[in-house]
Each structure stands twice: as structure tokens, then as C-alpha cells.
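[1] Curious how this folds, go ahead:
(3 chains)
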Amino acid sequence: MTAAAPPGTDDPPLRATGIERRFGAARVLAGVDLTVRPGELHLVVGPNGAGKTTLLRILAGLTRPTAGTVRVFGHGLGDRPEFRRELGLLSHQSLLYDDLTPLENLAFAARLYGTGSPPAAAADALAAVGLSHRGHDPVRRLSRGMIQRVAIARALLHRPRILLLDEPFTGLDAPSVVRILEMLAGQVAAGGALVLVSHTVTEVWPLATRVSVLVRGRWVIDEPRPADREAFMSRLFEALSD
Amino acid sequence: MTEAIRLALVVAAKDLRVELRSRTAIVSAVFFAALVLVIFNFARDPASVSAATLAPSILWITFTFAAMLTFNRAFALERENAALDGILLAPVSRSALFFGKYLGNLAFVGAVQAVTLPLFVLFFNVGLGRALPGLLLVTVLATAGFVAVGTVFSAMVVRTRFADLILPVLLLPFLVPPVIGAVQVTTRLLTGRPLSELAGWLRLLGVYDVIFLTLCALLFPAIMDE
Amino acid sequence: MIPTPAAAAATVRRGLAITLVALLGLAGVYVLAQVYTPTEVRQGLAQKIFYIHAPAAWAALMAFALVGIVSGLYLWLREPRLDLFAAASAEVGLAFSAVMLTTGPLWGKPVWGTWWTWDARLTLTLFLFFLFVGYLALRSALSEPAERARFSAVVGILGLVLVPFVHLSVYLFRTLHPAPVLLKPSAPSMPPVMLRTLLISIGVFTLLYIGFVTTRYGLAVLAEARRGPDGD
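    The predicted structure follows:
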């Protein structure tokens, strides 16, 4: 099923046009375009230093592009900060305070997003990842896998329609990877628009609807996800060795 | 506007909650202040300089140095697990974030001062008497401005490797007007002069607060704007 | 946008040319002060250092004001060259305030009878020195150019606003604790011939500032330009 775009518009959830980013004289991104529609998972791969994380931070409104625009449902985040509500971010860092409990962390996030009852929203979000029984332990006493679940709860707490993922599998054990894949499948099925950056294509390949390869700040491959992964891999290696 | 105030309070309350959970920083800052008071008592020749003469200077050096030690904590705690990204990602204006951090720092510094002041009275045998309301007023006026500057500077220096060294180098010049004014006012208050005589200094402190608080709120977004 | 290496090299050459002219002017000021300006009766030869001291203080203050103003422009326009200019101005200003801080005591000892006095103007330049050091220390601790530019611009603006507060509070501080008459630091009213030498020297130091900053700025632009647009 595909979630409808906001009434009266056919703007895609996320559209980036001509994104360029310089750090001093260094050009990290050199004109990147990207459009994500409801129910799509856009997989962005590339070697370290290709500009993947910078691109994701620009999409998330955390870094300002030197040139180009990012539109969330047709709106710039600078003029319409309330559209930040549509964005969720899951990265290899948890965005959590180690000294606070999962419930406190989630209630804080709920307050930032101005949801109705922060404690109730936090409890619901934690129950959804099956961690209600650890809600009152400080995050620093949780295992890596549990922290990942709280991070997922935090990313989805305000029900974003766009989910950005930055190397979400880094440092996770097999069950945690499976949990994230299940979550991603659920988001795609519910009509979410997803962008996942990773240096590897392995885990998420079957879910991806589009695959792009970023090398030195440019797409070298940008196409609907092909059926044949092996053929794609050999083209990927070719692109990387240029 | 009300939304910005709400968000600022949410951020400040979160910071205080994190602090109350570990209590490391507040306890260290209070003990630091107590130790400075003790050392100052011995860092003088009792035959030539009475404790009362030096008391106002000692109070303000202790207040400001203890405050300075606490500023980096506010943004250091946002660096673990990239928690700051979590705030910047949300629909929270950068000014609201500034005021949240500022209020958190102010509460923190106020708590340290609230513990230091009785110790100061005890150690230096100062009779506060009728000077207390005036002293509280000058403490608020002398603290409000430089805490704003400290908040802005700490947001920057935590991005460097030498945060604890660079913050004092940047911030100490900004302590000069508040410290001069506060010591002048405190000295006169402790010798029983009325507050009305000190209007000039209090006005200077007030202008410093208004200008730097405004400027810091305006400049802070540029720091977060990656 | 960062200009081409050739354009940056031309800026450096222009800066060096201005510096050369200013150095010739400095030699002229030396001759003017020694030969064509009468020696002040009470202060003796030591007074001649004034023709270096006061203009250096002027150049340091100008450098600092420009750091603050250009920092404000940077935050508004986000033009990297403005940041490079502010950094150049801070480095040159640091040098001038160091000159000011060394010549001050050399003059003060024979004239005021003490190496150092907390005169409001002397204190002000001491704080300019501290603020320059803080500004440059922060810059050296940051490596990402855009971040360094934003952060140091914030320091530049706050520093500029601080200066009048420091001056006013030190001034009030001294008014309440009058200095001994011996330590009267105010500038003596000056005969026209001395004033002429002073004004010429101020002009020469302004030119020296322009020469130094242009050179330093040109070198910074050159370094950026050589790194190339794709920054390898």
C-alpha cells in the first residue's frame, strides 16, 4: 500500500536537487540529485569519504548545502521548520543520553516534537520495540542490541514519513540486524520514504527500490535496483576502481 | 514565542536531570569553590591584609572560576552518542536551544553560588546583615551576562581537542567588566553603604547583561548552522 | 569564491609592494622624529618612542575593529575570503599590539617611573592582545574551514562589543582609585611639530597594516587556491 501525498500536492516526500557541499576548498558533494517517493527505499552506497554521511546530514537538515535545495513534501526546512517533524534519523550513534533511562530519553524526544502526552508516547514507543521491562534502567546499563532498539523507538516516536538511516548496521549482532530489516520492511510497506547510506549493499538489498553509488561526491550509478545482484556488484567494483 | 520558551525549558530540564543523575559536575564544582576559598584564606599575610579587605575579591574570583569550570559540561553531554543531532533534527529553533542551555547553565551556576555564599560567610566571618538583598541582586546582574557568553563559547570549544584550555583563554577577558563591577559593589555593600550609591555600577552590569544576552542569542544559531 | 592562484599571487605581490613603501615611510618617520622634531623637555629622548607606540596602538585597534566588522559580514554573506581577511587582520593586529605592549613599558619606565601602569588605554591594548590570542587559539584548534570561520566570527564580534565595556569598567575602576600624580598617564598637549610627526607616523603605520594584511591575506588565499576545487 502507498500512503497518499498531502492533499492538494504531488510533491514527493523528499527531493534534493543539485546538492553541492564544500568544506573549505574541498568539494565533498558535486551536484547530487535524489527523489524518494512513498514506499521507496533508496540505498546509497559508496566508499569511505565519498560524501555519503554529508549527503544524509544535508537531507536531514543538519548540514547546509553550499548549493542546491532539499524539499520535504515540497517545502524547505529553513522556511518551514515544522516539516522537520516528517524526518526521522537512525544512525550508528544512538542519539541517547547514557545517564537517562530509555523512558526519559524517549519522553525528552516526545517533548521536542510536541507530541500529546510525552510519558505515554515514550511508553508506547518502548513497548513497540519490546523493551518495556527495561524502561527505568539508565541507557548505559543496556546491551548494545537493546540500545539499538531504543534508538529505533526514538527515531520512529514522532511517526515520521521520511526515515534516514546512516550505517545503521554498524557494530550490530545478527538478531539486531534482522530487527532493523523487519522495521525497514514495515516502514516501506506503510508507505514511508527511506534513504539508507551504507558502505555495503548486503543486508538491505532485497528491500531497496533504488540503488545509487556515490564516488567523490557524484553518482556513478543511479538506477532502479536491478534484479541481478552479482552483475551489479561487478559493475560496482568497476566503478570504484576507476 | 511560547513554543520557544517551552522548548527552552524542556532542554534545561533535561540537562538538569542528566546532571542530577550523575552529580559529578555539581559536586566537583562545589568542592572546587570551597577549596578556592580555603586556599585564598591562606594566600595572604594575615599580619598585613585582613580577610575582610580581600573578601569581595575572593568571593568573585571563586564564583566566576567555579562557573567557568561548569560550562563545557552543557555541550560535552550532547556529544556522547551525537545527542545534539537529536535536538537539531527536531523542530526546535536554535535560539530556543540556546536559551535552554543558558537556563541550565544559570541554574547550575546559581546552585554552586548558593552553596559557596554560606561557606564564604563562615570562612571569612563576614557579617552580611542588611547587605544580603543587595548582594543577591549584584550576583544575579554580574552572573547573567557572562553565563550567556560562556554558553556560546562552550558550544564552540567542545568541538576542539583542548576545550578545557581554550574556554578560559576566550572567556576570561569577558569576566573583566562583571568582576570589576561586582567587586566594587560587594565591597561597598559589606561596609554598609546603601545600594543607591552604587546605581552606576549596577547599570553597567545590567547593560552588559542585556547586550551580551541578546548578542549571544543572535549568534548562537551560526554555531549550530553546520 | 576563492580566486585563481595567479590572482592570489598578484595580491601577495601588491601586499609586499605596499609593505616596502610603508617600511621606507617608517625609516622616514625615524629620521623625522630624531632629526626634525625637537626633544620634549621633561621626558627627554624617551618621548620619541611615543611616535612608534601610539601609532602601533592605533593599528592594533584598527585591526581589531576590522576583525569584528568583517566577522559580522562573514556571518551575513558566508564568503570565505572575508574569513581569511579577518584571520589576517587578527595576526597582524597581534603583532602590532605586541609592539605596543613592549614600547609602552620602555617609555613608561623613564617617564612615569614604572614599567607598567593600569592606565585605561594601556589596559585596553593589553586586552586587545588577549582577545587576539584567544581568537587565534580557537582558530588553530579547529580544522574544518567553514566551522572555523563561523566560530571565529562569533568570537570576533563578541570581542569587538566587549572592548568598550572593558574600557569603561577599567576607567571607572581607576576613577575610584586615583593614581598618584607621578603616574599621570594622560597624553600631554603637544606642540604642532610633534603632532605633525605623530600624524605622519600614524599614516605610515596604517599603510604598514594594509601592506601586512594584504600580504598575509594573499598568502592565505593562495594556500586555499592551490588546494584546488576538489581538494585532494
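
[2] Around the residue lying closest to B:V115 once chain neighbours are set aside, count how many other residues there are.
    Spatial nearest neighbour of B:V115, excluding adjacent residues (C-beta to C-beta, 6 or more residues apart in numbering or on different chains): B:V30 at 4.9 Å. Any C-beta I mention is one placed from the backbone N, CA and C, and that applies to glycine too. For B:V30, the neighbour count with other C-beta atoms under 10 Å in any protein chain shown is 19.

[3] okay but B:V30 is in contact with B:A114, surely?
    No - using C-beta atoms under 8 Å, B:V30 makes no contact with B:A114, being 9.5 Å away.

[4] Now the lengthiest helix in chain B: buried residues?
    Ranked by residue count and defined by DSSP state H, the top helix of chain B is helix B:94-124. The neighbour-count check on helix B:94-124 (16 or more other C-beta atoms under 10 Å in any protein chain shown) flags B:94-109, B:111-113, B:115-117, B:120, B:123-124 as buried.

[5] again, but for stretch A:145-158
    A:146-158.

[6] Tell me the confidence at residue 108?
    No chain was given, so I picked chain A. We have a pLDDT of 97 for A:F108.

[7] Actually, chain C is the one I wanted.
    pLDDT, C:G108: 77.

[8] Briefly note if the host helix or strand of it comes near chain B.
    Assigning secondary structure by DSSP states H and E places C:G108 in helix C:80-112. No - Helix C:80-112 lies out of reach of chain B by C-beta under 8 Å from any C-beta of the partner chain, never closer than 12.2 Å.

[9] Check the offset of that helix from the chain's centre.
    4 Å (C-alpha atoms, centre = their mean, to the nearest Å).

[10] What of stretch A:204-211?
    Counting by C-alpha atoms, centre = their mean, stretch A:204-211 is centred 14 Å from the centre of its parent chain.

[11] ok, back up a step: now what about the one helix or strand the residue nearest to B:V115 maps to, what contacts it?
    If you go by DSSP H and E, B:V30 is part of helix B:24-42. For helix B:24-42, the surrounding residues in contact (C-beta atoms under 8 Å, 6 or more residues apart in numbering or on different chains) are B:19, B:51, B:54, B:58, B:61-63, B:65-66, B:69-70, B:73, B:108, B:111-112, B:115-116, B:119-120, B:123-124.

[12] what's the following helix or strand after that helix?
    Note on helix B:24-42: by DSSP H and E, the next helix or strand toward the C-terminus is helix B:51-79.

[13] Which elements pack onto that following helix?
    Applying 3 or more C-beta pairs under 8 Å, 6 or more residues apart in numbering or on different chains; DSSP states H and E, we find helix B:51-79 packed against helix B:2-22, helix B:24-42, helix B:83-89, helix B:94-124, helix B:132-157, helix B:163-190.

[14] For the nearest residue to A:R218 once chain neighbours are set aside, which residues are in contact?
    The spatial neighbour of A:R218 that comes closest, neighbours along the chain excluded (C-beta to C-beta, 6+ apart), is A:A30 at 5.2 Å. A:A30 makes contact with A:20, A:216-218, C:230, according to C-beta under 8 Å, 6+ apart.

[15] A:A30 looks like it's in a strand, true?
    Yes - the assignment for A:A30 by DSSP: H, G, I helix; E, B strand; the rest coil puts it in a strand.

[16] and the angle from the helix or strand where C:Y30 lies to helix C:80-112?
    Of the helices and strands defined by DSSP H and E, C:Y30 is found in helix C:5-31. Using axes from the mean of the first three to the mean of the last three C-alpha atoms, to 10 degrees, one finds that helix C:5-31 and helix C:80-112 are set 10 degrees apart in direction.

[17] that older thread, and the residue nearest to B:V115, what pLDDT?
    92.

[18] what's the spacing between it and chain C?
    Going from B:V30 to chain C by C-beta to the nearest C-beta, to the nearest Å gives 28 Å.

[19] which ones are touching the spatially most central residue of chain C?
    By C-alpha atoms, centre = their mean, chain C has its centre lying nearest to C:A60, at 1.7 Å. C:A60 sits next to C:93, C:96-97, C:99-100, C:125, C:128-129 when contact means C-beta under 8 Å, 6+ apart.

[20] And for C:Y36?
    Taking C-beta under 8 Å, 6+ apart as the test, what C:Y36 contacts is C:193, C:197.

[21] Pretty sure B:G134 sits against B:E197.
    No - between B:G134 and B:E197 there is no contact under C-beta under 8 Å: 10.5 Å.

[22] The closest residue to chain C within chain B: what secondary structure?
    Taking C-beta to the nearest C-beta, chain C has its nearest neighbour within chain B at B:T160, 3.8 Å off. Going by three-state DSSP, the secondary structure assigned to B:T160 is coil.

[23] Compute the number of surrounding residues for it.
    Neighbourhood size, B:T160 [other C-beta under 10 Å]: 20.
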